[in-house]
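Peer 1: what follows is a predicted protein model with its sequence.
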Amino acid sequence: MSLAAEPSTSAEQKAKEAYFTASQSQLIWARFRKNRSAMFAGCVLIFLILIGLFAPFLSPYDPTIAGRDKDYTNGAPQIPRFCDDNGCSVRPFIYGVKRERSIATNFRWVTSIDTDDRRYVQFFVRGDDYRLFGIKGDLHLFGVDKGKIHLFGTDDTGKDIFSRTLHAIYTSLAVGTLGVFISFVLALVIGGISGYFGGWVDGVIQMFTDAVRTVPAIPLFMAVAAFMPPEMSAEARFFYISLILGFIGWPTLARRVRTHLLVERNQEYVLAAKLSGARPGHIIRRHLLPSFTSYIIVDLVISFPYMVLSETALSFIGLGLKDPVNSLGVMLQNTTSADVLLNYQWYFIPVVFFIALVMAFVFVGDGLRDAADPYAGIRK
Amino acid sequence: MALFLRFAGIRFALSIITLLMVSLIVFSLMELVPGNCAERYLAFKNTQGSGITVEDIAAEEARLGLDRPFFVRWGSWVGNVFFRGDFGESCILRVGINQLLGDKFLISAAICITALVLAYLIAVPVGMYAATSRSAWLNGSLRFVSYLGLALPNFLLALLIMLFFTVYFGDSMTGLFSNEFRDADWSFAKLMDFLSRAWLPVFILGWSATAFALQTVRALMLDENGKLYVTAARARGLYGARLSWRYPARHALGPIINSLGFDLNRIFNELPIVAIILTLTEAGALLLEALARSNDQQLAGAIIFLLTATIVGLNFITDIALALIDPRMRRSVLGG
Amino acid sequence: MSLVDVQNLTIRFETDEGLITAVEDVSFHIAPGEILGLVGESGSGKSVTAKSLMQLNGGNTVYDPASRIALNAPGSDPLEVLSLTQERDMGPIRGGAISMIFQEPMASFAPAIPVGKQMVEQLQIHTDLSKAAARDLSIEMLDRVGISEAAQRFDQYVFEFSGGMRQRAMIAMALSTKPKLLIADEPTTALDVTIQAQVIDLMKDLVAEFGMGILFITHDLGVIAQTADRVAVMYLGKLVETGTVRDVIRAPAHPYTQGLLNALPKLDDLDAPLVPVPGDIPGPLERPEGCVFHTRCAHAIPGLCARKTPLPTPQGPGHEASCHALEGNQGLLVRGPL
């Protein structure tokens, strides 16, 4: 009995077949692509991640004290320009500055711009040494022919805020990734045990998880962070903070893993697989894991901004990362003083980048969640 | 009634067990910290110039009872807290913690709970309206505000507000009291002064709570709106505000009440950091002081425990309220 | 004059994927005291059609301008339902002139409001009864549908009712305002077979007593055979065959109706194999051109059915079917380019 009176074109047929045989991740991607704001956020996110990864090359100077510009502390941002009263130039330039401290200025450092002293922006210049993916280099994307350029200004020790911002994005991403990874492992183990065994084990673990969730996490981990020995090395501190962030994140994730497991375990397709003689290992690998890995990945993306924000908060109050590591929290540490608020507002430029980073993560996470759970979006 | 009392009793016992667990977590953390109270105090003395010896430390440990086993010390700490409301002495300052805290904790709790109430006063009507409105503009901007509430955490908002006030008004609006009232006894004038300054921390703390609550309320209302009983009610001739309030809103109330505890938790998370930016003088600031400057584990533990106890208390109250609101629960706890 | 007269009803939904046609060019009528059975597989547009009588479909519904739903309730002026755009104007019709019974009685009562309260609420919207009178009437109705201890049940919540009792309460509530038309959307699907029979008997009794019309929606031809006077078979939003129950079941004209009947067990030969309708119902996004059934039809005429929409052709008194193959056999209406 021939059913299809008109055979559909082969292209249509292919598209249909692709739809029916698509894997979970392909389906999620197909739905995600339709979400315009999430796609835009995704592009922003990739851009910021690239900036973070290539920070040493993109930033003109070393972000630590080694790269300081001691002649331009608390310096205002320098915006490259093409034209001024003395005519135009194809190559953008900035002005040189003079600093003076004398009886005429009440013995305070006063910076004046010298509009006759043009400093031209150069590309691919040699500068401070750095390591990028283990390779030593000294090539920087841009610089100026003499003196230094500070797009976002400098801080009180003369460190370039632009370079610090780029490195801080890297730090936030690294701390977040490590923190998410740690909380993921904890969640998988604890939630896995809870969901797999069920019964009283589940009951006890859930009670404990709930108790942990009741304690306000930041004050609790502030307490833990406070007792890190001050002589700890920057790297050790970095890992310690990531560990703490991992501890902040696990209860929520663990609960999700457990719920996924408990729900999926009792699904009929699992029963069907069991009845057709599949071994537990096979069921876990081929049925249970694929059924929720995409959801777990979505959860991880969603919990990422919390990690970044918690790190920023801890560092900001002086209980997290410390100099010479650059992070937004470290950079904002001294901004509450009236001096900074009144005179050096460019200290706040990095905030914009961080809001963009966190927003991008949130939008992408939401987009992924909607894509992974199509029924959530149908209710309008 | 007897059933209700039994339910409340069981729920109360569960709260106490949670608190015991929390106290164990907090106490163990305080213990895990390198160095105990005696060493810390004597090290502090040392910096003041008085030389100390190993024997001094041992004597001090014995005096504080630190030579006893862990669970005995935990037991006595918990016992004092539960039965006498006494958190013991501060490690460094050697003053009773209750005396140190004074009304500072109450002020903190009042600020945070006000922020929570404010958040829901805004979120419930706006979220309800957004859930029924089909305006893409309204829903889009609410989505954006909610995301901003997450991306612009309270302490960054506090910083930006300070920046704004300093640049435009020359006053950073920090502190909870004007100078003349800082150490005065409570009076009507002091209360008014407090209120004129407390709105800023309340607003800042309520900011992201509002953003979250908006999302929660909107999602819950959307959820309820999609249910068959709402269509069935429309099919019986109900419409408009009467339908929204009597049906979806009435049924979304339970989960909203349920989320209060977690929102208070979130606000407490932000409290110490906002406190330091706005130079508040309340428990959050004291906690930070205890942690960042003096390594005072006793004081820090006490404050964290008090914060958690407030949340557990709120959860207990909301659970009782839920039992009264939800007929399924009410039937089972009130009987008949 | 018929109670409800639906003409050329076409319903589309605005979605992210574009306009989706759910119901296309559907016409039917129901006389007072008549039970019209609307049969079709899930997704055929039965519920959407029923809900459109009360404009209960979601906010993204688009009614074609040619669609007409005329409501001639005895004792009130004739109404064009689709011309009412305000919720406020729909209010008196919903639950007043037309009542609806849903498939899941558990989900159609608000869980946190007592059943009786919801009944009184409906009565107070549509009648001038006082609260006490509304309560008495509600309890009386609960009693009528066979709920024992109705006065106690009145204050209970829906989760305290049993499955059959919930559907009875739903019927009591729907009938309490004495509607002229009752829409029953798969009212017995969620029930046990024995309770199913009780509920159907109850509905038939009440119709006879109140003289109302019923639009009875189901996917179960067996239930239709027991219940309805006339039947309309729906496939992918189109009515493919209408007629009296007797005609349609004895002499189904449309290949789809024949397929549905072949899928039922036969009393005279219980060992005969059940023949399902071949193929799957196409998704909403891939609505076939021409005759919507041609992708599954054994009698499809190549080159015709995939291109041209068949029109209803008479198969007997009050019996119509839309199929090109039938047009050919009767030599009636073959025209247009082939």
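Peer 2: Structure's in. What do you need? Numbers count the residues shown, from 1 in each chain, chains lettered A, B, ... in the order given.
Peer 1: residues in contact with the residue positioned nearest the centre of chain B?
Peer 2: Geometric centre of chain B, nearest residue: residue B:268, 3.7 Å, by CA atoms, centre = their mean. For residue B:268, the contact set (CB atoms under 8 Å, 6 or more residues apart in numbering or on different chains) comprises A:216, A:219, B:112, B:307, B:310-311. From N, CA and C alone the C-beta is placed, and that goes for glycine too.
Peer 1: may I see the buried residues of the helix ranked longest in chain B?
Peer 2: Selection of the longest helix in chain B by residue count, based on DSSP state H, yields helix B:188-225. By neighbour count on 16 or more other CB atoms under 10 Å in any protein chain shown, the buried set for helix B:188-225 is B:190, B:193-194, B:197-198, B:200-225.
Peer 1: thinking again about what came up before, quick check: the gap between the residue nearest to the centre of chain B and residue A:83.
Peer 2: Distance from residue B:268 to residue A:83, counting by CB to CB, to the nearest Å: 54 Å.
Peer 1: kindly report the same for residue A:334.
Peer 2: Using CB to CB, we find residue A:334 at a distance of 36 Å from residue A:83.
Peer 1: look at residue C:28 and give its secondary structure.
Peer 2: Following DSSP: H, G, I helix; E, B strand; the rest coil, we place residue C:28 in the strand state.
Peer 1: give the contact list for it.
Peer 2: For residue C:28, the contacting residues are C:6, C:36, C:232, C:239, C:242, by CB under 8 Å, 6+ apart.
Peer 1: cool, and residue A:308?
Peer 2: Residues counted as contacts of residue A:308 (CB under 8 Å, 6+ apart) are A:172-173, A:175-176, A:354, A:357-358, A:361.
Peer 1: so which of these sit within strands?
Peer 2: Members of these lying in strands (criterion: DSSP state E): none.
Peer 1: in chain A, which spans are strands?
Peer 2: All strands of chain A, identified by DSSP E, fall at A:81-84, A:87-100, A:110-132, A:135-144.
Peer 1: out of those strands, which gets nearest to chain C?
Peer 2: strand A:135-144 (41.5 Å; CB to the nearest CB).
Peer 1: how about residue A:232, phi and psi?
Peer 2: Dihedral pair for residue A:232: phi -60, psi 140, per degrees, to the nearest 10.
Peer 1: mind checking pLDDT for the closest residue to it other than its chain neighbours?
Peer 2: Leaving out its chain neighbours, the residue that sits closest to residue A:232 by CB to CB, 6 or more residues apart in numbering or on different chains is residue A:240, at 7.1 Å. Per-residue pLDDT puts residue A:240 at 79.
Peer 1: for residue A:220, which non-adjacent residue is closest in space?
Peer 2: Closest residue in space to residue A:220, ignoring its immediate chain neighbours: residue B:304 at 5.8 Å, by CB to CB, 6+ apart.
Peer 1: relative to chain A, how far out is residue B:320?
Peer 2: In this view, residue B:320 and chain A are 17 Å apart by CB to the nearest CB, to the nearest Å.
Peer 1: tell me the gap between the strand or helix carrying residue C:139 and the middle of its chain.
Peer 2: Element membership of residue C:139 [criterion: DSSP states H and E] is helix C:131-144. The chain centroid and the centroid of helix C:131-144 are separated by 28 Å under CA atoms, centre = their mean, to the nearest Å.
Peer 1: what helices and strands are in contact with it?
Peer 2: Under the contact criterion of 3 or more CB pairs under 8 Å, 6 or more residues apart in numbering or on different chains; DSSP states H and E, helix C:131-144 touches helix C:115-126, helix C:150-154, helix C:163-176.
Peer 1: in it, what counts as buried?
Peer 2: Residues C:134-135, C:137-139, C:141-144 are the ones in helix C:131-144 that count as buried (16+ other CB under 10 Å).
Peer 1: quick check: residue A:318 touching residue A:333?
Peer 2: Yes: counting by CB atoms under 8 Å, residue A:318 touches residue A:333, with 6.5 Å between them.
Peer 1: returning to that earlier point: so what's the residue count around the residue nearest to residue A:220?
Peer 2: 27 (other CB atoms under 10 Å in any protein chain shown).
Peer 1: just the element for it, please.
Peer 2: Under the criterion of DSSP H and E, residue B:304 resides in helix B:297-325.
Peer 1: of the contacts of residue A:308 - the most surrounded one?
Peer 2: If you count neighbours using other CB under 10 Å, the busiest of these is residue A:172, which has 29 neighbours.
Peer 1: so who does it touch?
Peer 2: Neighbouring residues of residue A:172 by CB under 8 Å, 6+ apart: A:52, A:308, A:311-312, A:327-328, A:354, A:357.
Peer 1: same check, this time on residue C:57
Peer 2: Contacts for residue C:57 (CB under 8 Å, 6+ apart) come out as C:11, C:13, C:48, C:51.
Peer 1: would you list the phi and psi of it?
Peer 2: Backbone torsions of residue C:57, given as degrees, to the nearest 10, read phi -70, psi 160.
Peer 1: mind putting the buried residues of helix C:131-144 into a markdown table with pLDDT?
Peer 2: Below are the buried residues of helix C:131-144 laid out as a markdown table (pLDDT from 0 to 100):
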| residue | pLDDT |
| --- | --- |
| C:134 | 90 |
| C:135 | 90 |
| C:137 | 89 |
| C:138 | 90 |
| C:139 | 91 |
| C:141 | 86 |
| C:142 | 88 |
| C:143 | 87 |
| C:144 | 82 |
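Peer 1: of those residues, closest to chain A?
Peer 2: Proximity of these to chain A (CB to the nearest CB) peaks at residue C:138, which lies at 32.3 Å.
Peer 1: count of neighbours near residue 201?
Peer 2: Picked chain A for this. So residue A:201, with other CB under 10 Å, has 13 neighbours.
Peer 1: wait, chain C was what I had in mind.
Peer 2: Residues within reach of residue C:201, counting by other CB under 10 Å, total 12.
Peer 1: need the pLDDT of it.
Peer 2: 83.
Peer 1: same deal with the one 3 residues further on?
Peer 2: Reading off the per-residue confidence, residue C:204 sits at a pLDDT of 81.
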